[in-house]
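> the sequence and its predicted three-dimensional model are supplied below.
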Amino acid sequence: MFAEGFATRSGVFEYVMADGTVSRELRPPDEVSRADSLETLGRKPITLGHPPELVTPDNAGEYQIGTVGDSISWEQDGANGFVRITAAIHRGDGLEGIRKGAKQLSAGYYVDIDETAGEYAGERYDCVQRNIKYNHVAFVERGRAGAQVRARVDSADVSVGVMRIDLGQVPTEPKRKTMASIELNGVRFDDVEPSLATAVRVTLDSAAKTALEATAKADKLQGELDATKVALDAKDAELAKLRQSGGSLAWFNERQKLVAAAGRFDIAADEIAKLENLDLKRKIAGAWLKRDVSQASADYLAACFDRIEMELANPAPPQTSHVDAFAAQIVPATAAAAQPVAAGNGAEGRDDEAIKAEVEMNSQLQNQWIGAAE
């Protein structure tokens, strides 16, 4: 199976550290889009969920379900941007996991941390990620599109902590003393420095407590996630349509406006997900005009939707009726649109079909409102 999508983005991300504190870290667009950083994404392993360790040649056979393609690109969108990749999935268990819901992409990578704090696009951050080097990309159910050099994982469902232990100098002829034993993951270690063994036990106890607290929070969040499943499914459908359209940001922006307007007319989310932009625009226009517009042209629907956006953005004051308010806009607009096209009248660049559609739509709206007022 071949797929494509956004592996990560720029912006401010939150990371829960090993001690339970939260670090807000800025991934600047100029760092995320660096050519030498993007080059490290090509042909990297793809995993199902983030593994508990970095992917290496020794464990790739266990974790890898696919491979990132060579086509890596940066797409700027306002103050931030996205990293688009292609992917090939070649393991059955990976395909099954994606089918069951692991449809979002999330990257795992190394960074250098610049401890400079500040504010970016209205968001406060504690430090800056620099020199991003990627290790793998994972398919997850929900991504974060989320220290001196350490691995970072863009996912809210995996906790990665790095524990460092600084050992002192060992004397050439150490004095013999009572040593301790500790057990880690079922493996027993003897002759361990007592203070080190105590530190490890305290750390493990703290980690266990943190894990229990995280589980409680996860259970609470699960209820909220279940409540938003329908909305997430709709977004998956939107993403699929975006991919089919070639990833056009213009198409995506128009889609967002249409989805927002459809919600105002109580059009069900599952029905919205099934309709292409033009068909959804037709559905909204029909609901607003309260009549059949199945044969209306694209130009007619575009002019109609412009009026709908005006109404939703600038509703009439309480003391003014819907008919009076929009009659005042439509009557002069109809007269102006009906004038012959001449240089300087604001009609440059509009074809006759678009002008004809707007005149026809305005006339019908005027008649409808006049009838409603009577």
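Received the coordinates, thanks.
> for stretch 117-128, measure first residue to last.
Chord length of stretch 117-128, first to last residue, is 7 Å (Cα to Cα, to the nearest Å).
> do stretch 113-124 as well
Stretch 113-124 has its terminal residues 16 Å apart, counting by Cα to Cα.
> now that stretch: average pLDDT?
Mean pLDDT, stretch 113-124: 94.
> tell me the buried residues in it?
With burial defined by 16 or more other Cβ atoms under 10 Å, the residues of stretch 113-124 counted as buried are 113, 120. Every C-beta, even on glycine, is put in place using the N, C-alpha and C of the backbone.
> and that stretch, how far out from the chain middle?
21 Å (Cα atoms, centre = their mean, to the nearest Å).
> what about the strands in this protein?
Listed in chain order, the strands of the chain (DSSP state E) span 2-9, 11-16, 22-27, 45-48, 64-68, 73-77, 80-89, 104-114, 118-120, 123-125, 127-140, 150-153, 180-184, 187-192.
> show me what the fourth one is in contact with.
Just to be clear, that refers to strand 45-48. Applying Cβ atoms under 8 Å, 6 or more residues apart in numbering, the external contacts of strand 45-48 come out as 55, 60, 63-68, 87, 89, 93-94, 97-98, 102, 136-139.
> which among those residues end up buried?
Buried among the contacts of strand 45-48 (16+ other Cβ under 10 Å): 55, 63-68, 87, 89, 94, 97-98, 102, 136-139.
> residues contacting stretch 60-72, please?
With Cβ under 8 Å, 6+ apart as the contact definition, stretch 60-72 has outside contacts at 4, 7, 38-39, 41-48, 51, 55, 83-91, 93-94, 97, 136-137, 139.
> Asp266: which of the strands of the chain is closest?
Between Asp266 and the strands of the chain, the tightest spacing by Cβ to Cβ is seen for strand 104-114, at 29.0 Å.
> what angle do the closest one and strand 2-9 make?
For strand 104-114 against strand 2-9, the angle by axes from the mean of the first three to the mean of the last three Cα atoms, to 10 degrees is 30 degrees.
> for strand 104-114, packing partners?
strand 2-9, strand 80-89, strand 127-140, strand 150-153 (3 or more Cβ pairs under 8 Å, 6 or more residues apart in numbering; DSSP states H and E).
> which of those strands sits most buried?
strand 127-140 (a mean of 22; mean count of other Cβ atoms under 10 Å).
> and the angle for that strand with strand 64-68?
Using the same axes, to 10 degrees, strand 127-140 lies at 120 degrees relative to strand 64-68.
> which secondary structure elements does strand 127-140 sit against?
By 3+ Cβ pairs under 8 Å, 6+ apart, strand 127-140 packs against strand 22-27, helix 29-32, helix 35-38, strand 45-48, helix 92-99, strand 104-114, strand 150-153.
> and the second one, how far from the chain's centre?
Mean-position distance between helix 29-32 and its chain equals 17 Å (Cα atoms, centre = their mean).
> just the longest one next, same as before
Centroid displacement of strand 104-114 relative to its chain, using Cα atoms, centre = their mean, is 15 Å.
> next, the angle from that strand to strand 80-89.
130 degrees.
> list the buried ones in strand 104-114?
104-111, 113.
> what mean pLDDT does the longest helix along the chain get?
Under DSSP state H, the helix in the chain containing the largest number of residues is helix 194-227. When pLDDT is averaged along helix 194-227, the result is 84.
> so what secondary structure elements neighbour that helix?
Using 3+ Cβ pairs under 8 Å, 6+ apart, helix 194-227 is in contact with strand 180-184.
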